[in-house]
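> Give the three-dimensional model of this entry:
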Amino acid sequence: MRYRSRVTAPVAALIGTATALTAGSPAFAAGRGNGDEATGRGHGDEGAETLGDPVFPTLGNDGYRVLSYDLDLAYDPTTRLVDGTATLELRTTEALTRFSLDALGLDIRTVRVRGRRADFEQAGEKLRITPARTLPARARVTVCVEYSVDPSRAAAPTGGWVLTPDGFAVCGQPNLAHTVFPCNDHPSDKADFTFRITVPDGLRGVANGQPVCTERLDGARTAFSYRSRSPMATELVQITVGDYVIKERRGPHGLPLRDVVPTARAAALEPALALTPGLVDWLEQRLGAYPFETYGLLPCNSDAPNAFDFTGLETQTLTLYKPNFLLQAESKIGSHMMHELVHSWFGNSVSPATWADLWLNEGHADFYGLLYRYERGWPDSLGLTTMEARMKDTYARGDQWRHDSGPVAAPNAVDLFDDQRYLGGVLVLYALREFIGEDTFHAVERAFLARYRDSSATTEDYIAVASKVARQDLSGFLRDWLYGTATPRMPGHPDWTVTPVNPSLTVPRNRTGGHYRDNSATL
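This is a model prediction of the structure:
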């Protein structure tokens, strides 16, 4: 997980294309259709340009749900530009005279709806589309958007592209996938994905999921196609181009493992890559079978400080890292590799229904990452060697963190990736385990993952599953821990105390240049 918050405004400033997104805002770009768009108008509504996310209220769009994305991208290493065609299959939830996608920094050329050219305008971070005819409710609709993009204008850390000397990777979390492709950019609207990436010979294109085919094309080019077997949130998309070699091995029960490694550094990275089968085995014993068709690491071909400002990013089936991090000893990287792997279950298979539910991702990733660390006998960054010792230290900070960053499950866009979502989330899970017992806790975890596999879940969903499995109403207990302004008493540890709040100790947040500090306790 990237360990920073970001707000939309810095992205807009960087790309220089956004205006204030209001109902009356003028379009700064418009495309005209084939002249008959004014005909065939029926009764319908303009789809809402928000899904009401409590952290990113302008993110996502309503009036439809996306069933699938087909992304066809071509990379030109001379210009370093990307030409793209995004084909979306939607299912409308109401009759629509107009609907919108999230899109920022993309040069939209044409839009077709059901094969017919449609009017469109780009306003702020929205691509507003007016089809030739009103779309009926509960209809399957194909939308095709042709566009181009200059990744250098939307590069990390404030955009969704990671530039490398030989190409790029992408990092859409939490709200930047729409700087890579037009989409309904919200984790509640998961969809199927296919990819086709065309590159000059000598480079390789890679994406989530498993390869479908490789095509040799005219002009010394090759097209690589992939498909993800499980639905995916837009923020989890990974597309990378560069001089990479594919390293394959087998995990538990024959699970195909695929690493995408810079060719020149493959041998040096092998010790880290070889750790994955053992990590998967350890976690499967606790959470059940790995939920996807493959897993692997992508140490992208850049160690530049400004390539991205996070340690790892759990893009689905392929975790993004910088190579130098993975060149360290196992004791320095193993706990964090476990953190990122946990996201395959919490965050990817079960995605947050809103960004306020992020603690479900990060709290679980740090919880199991720390358990793995202490089991292996590796001291953490505080020199502590047991979960109990770390939780006692975290408990003492509880009121200060609630003062500085709000309750665990009530973040905002500024403090979304603060300690409270990571170690604060671990503390909630630790308290729950202490209250209901270890066996019941593990049953809750597996039941939650099974119930919401391949979909999205809220904090309330987790509370409901926990209550059902534990056969007692845990809503008051968990809501106090997740939403309370004061840290509750820790079950089983009546001697633990909370340090009083000191307003002068409020953690300063460095927002300069979009950089944020790493907050995972697994580092």
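
> how near is residue 521 to residue 229?
Going from residue 521 to residue 229 by CB to CB, to the nearest Å gives 32 Å. (C-beta placed from N, C-alpha, C; glycine too.)

> do residue 418 as well
Applying CB to CB to residue 418 and residue 229 gives a distance of 34 Å.

> Looking at those two, which is more packed in?
For residue 418 versus residue 229, neighbours defined as other CB atoms under 10 Å are more numerous around residue 418 (25 against 15).

> So that one sits against residue 405, correct?
Yes. Using CB atoms under 8 Å, residue 418 is in contact with residue 405, at 4.2 Å.

> Next, give phi and psi for the residue nearest to residue 46 when sequence neighbours are not counted.
Distances taken as CB to CB, 6 or more residues apart in numbering put residue 98 closest to residue 46, at 4.4 Å, once the chain neighbours are dropped. Torsion angles at residue 98 (phi, psi; degrees, to the nearest 10) stand at phi -150, psi 150.

> Correct me if wrong: residue 98 contacts residue 48.
No. With contact defined as CB under 8 Å, residue 98 does not reach residue 48; the gap is 10.7 Å.

> who's more crowded, those two?
The neighbour count for residue 98 versus residue 48, taken as other CB under 10 Å, is higher for residue 98 (20 against 14).

> wait, what's in contact with that one?
Residues in contact with residue 98 (CB atoms under 8 Å, 6 or more residues apart in numbering) are 46-47, 128-131.

> and what of residue 186?
For residue 186, the contact set (CB under 8 Å, 6+ apart) comprises 51, 53, 59-60, 233-234.

> Please name every helix or strand in contact with the strand or helix carrying residue 334.
Here residue 334, judged by DSSP states H and E, is contained in helix 330-342. Helices and strands touching helix 330-342, by 3 or more CB pairs under 8 Å, 6 or more residues apart in numbering; DSSP states H and E, are helix 266-273, helix 276-287, strand 312-313, helix 358-376.

> Which residues does that helix contact?
Residues from elsewhere that reach helix 330-342 (CB under 8 Å, 6+ apart): 1, 271-272, 275-276, 279-280, 282-283, 287, 295, 311-314, 319, 325-326, 364-370, 372-373, 376, 378, 380, 520, 522-523.

> So how do I select the buried members of the residues you listed in PyMOL?
The following PyMOL line selects those of the contacts of helix 330-342 that are buried, judged by 16 or more other CB atoms under 10 Å:
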select buried, resi 1+272+275+276+279+280+282+283+287+295+311+312+313+314+319+325+326+364+365+366+367+368+369+370+372+373+380+520+522+523
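
> Where do the strands of the stretch 101-250 of the chain begin and end?
Remark: strands assigned in the stretch 101-250 of the chain by DSSP state E, counting those that start in this stretch are 107-113, 116-117, 119-123, 126-130, 140-149, 161-164, 167-170, 191-200, 204-207, 210-217, 221-232, 239-242, 244-250.

> got the CA coordinates for the fourth one in PDB?
In other words, strand 126-130. What follows is strand 126-130, C-alpha atoms only, in PDB (Å, rounded to 0.1, in the frame of the first residue of the first chain):
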ATOM      1  CA  LYS A 126     -15.000  14.300 -15.400                       C
ATOM      2  CA  LEU A 127     -15.600  13.100 -19.000                       C
ATOM      3  CA  ARG A 128     -19.200  13.900 -19.600                       C
ATOM      4  CA  ILE A 129     -20.800  11.800 -22.400                       C
ATOM      5  CA  THR A 130     -24.100  12.500 -24.100                       C
END
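
> for the record, mean pLDDT for it?
Throughout strand 126-130, pLDDT has a mean value of 98.

> how about residue 461, secondary structure?
helix (DSSP: H, G, I helix; E, B strand; the rest coil).

> what residues are up against it?
Shown in contact with residue 461 (CB under 8 Å, 6+ apart): 353, 448, 451-452.

> do the same with residue 365
Counting by CB under 8 Å, 6+ apart, residue 365 touches 1, 339-340, 342-343, 346-347, 422, 520, 522.

> Output those residues as CSV; include the columns distance to residue 413 and pLDDT.
Listed next are the contacts of residue 365 as CSV, based on distance: CB to CB, whole Å; pLDDT from 0 to 100:
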residue, distance to residue 413, pLDDT
1, 16, 52
339, 23, 98
340, 23, 98
342, 24, 98
343, 21, 98
346, 21, 98
347, 18, 98
422, 17, 98
520, 19, 94
522, 24, 95
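
> Filter these down to the buried ones, PyMOL style.
To isolate the buried subset of the contacts of residue 365 in PyMOL, counting by 16+ other CB under 10 Å, use the following:
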select buried, resi 1+339+340+342+343+346+347+422+520+522
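
> out of the contacts of residue 365, which one sits closest to residue 473?
Compare each of the contacts of residue 365 with residue 473 using CB to CB and the shortest gap goes to residue 346, at 23.5 Å.

> Grab the nearest non-local neighbour of the closest one.
residue 364 (3.9 Å).

> can you tell me how far the one you found sits from residue 413?
Residue 364 sits 22 Å away from residue 413, taking CB to CB as the criterion.

> With residue 49 instead?
The gap separating residue 49 from residue 413 is 18 Å, by CB to CB.

> The stretch 401-523 of the chain: strands as residue ranges?
Per DSSP E, counting those that start in this stretch, the stretch 401-523 of the chain carries strands over the ranges 455-457.

> right, and residue 48 touches residue 64 too?
No. Residue 48 lies out of contact with residue 64 (CB under 8 Å); the separation is 10.4 Å.

> now the end-to-end length of stretch 376-388.
Length of stretch 376-388, first residue to last, CA to CA, to the nearest Å: 15 Å.

> what's the model's confidence in that stretch, averaged?
Regarding stretch 376-388, the rounded mean pLDDT is 98.

> buried set for that stretch?
Residues of stretch 376-388 classed as buried: 380, 384, 387 (neighbour count, 16+ other CB under 10 Å).

> Going by distance to residue 494, which of these wins?
Taking CB to CB as the measure, residue 494 lies nearest residue 387 of the buried residues of stretch 376-388, at 18.4 Å.
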